[in-house]
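[1] Next comes the sequence, and after it the predicted model I'd like to discuss.
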Amino acid sequence: MTKDTKLMSGIILLSIPTIMFGGNFLLGLLSGNYPEMELTEFQKSMFRAGHGHAGVLVILALIAQFLSDHAKLTNRWKWIVRGGFPMASILVSGGFFAAAGGQELTAPNSFIAVLYIGILVLTISLIALGIGLIRSK
């Protein structure tokens, strides 16, 4: 394992307690423990999606760190990939949460753009890593 992989994996692992705390809060919210928070079904669905995507994309970000060690990429592109995956996790999940913020929403607000930016970052990272791995034969 390279020094860069250790650094990025350590940083990513430190983010997991925030996902765990968010899951605990979400469970309480969906169980009715916060009656003062009147959320629409749309908002609850968006919060579930944000939490689920955070967990899955953080796991993908960890895997990408190890795959980056074997990809034939320039140092600059390796760091774009290494940072892109965790950044996408933040942007995609944050986009779900931000797009559902507000009173009595039944459709996404303008912060849905954050989600789409995250999708773009994830796509660039996936394509770059995939090409780098294919080139490394």
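    Alright, I've got the coordinates.

[2] Make sure A71 is actually in contact with I127.
    No - using CB atoms under 8 Å, A71 makes no contact with I127, being 11.7 Å away. Yep, even glycine has a C-beta here, placed from its N, CA and C like the rest.

[3] Show me which residues of stretch 11-19 are buried.
    12, 19 (16 or more other CB atoms under 10 Å).

[4] Identify the residues contacting that stretch?
    For stretch 11-19, contacts defined as CB atoms under 8 Å, 6 or more residues apart in numbering pick out 51, 54-55, 58, 61-62, 65, 86, 89.

[5] Now flag whichever of the residues you listed is closest to I134.
    Q65 (18.5 Å; CB to CB).

[6] how about whichever helix or strand that closest one is part of: buried residues?
    When elements are assigned from DSSP states H and E, Q65 belongs to helix 41-68. Neighbour counts over helix 41-68 (16+ other CB under 10 Å) mark 43, 46-47, 49-51, 53-55, 57-58, 60-62, 64-65, 67-68 as buried.

[7] got it, and stretch 83-90?
    With the criterion 16+ other CB under 10 Å, stretch 83-90 contains buried residues 84-90.

[8] cool, stretch 117-135 as well?
    Residues of stretch 117-135 classed as buried by neighbour count (16+ other CB under 10 Å): 117-118, 121-122, 125-126, 128-129, 132.
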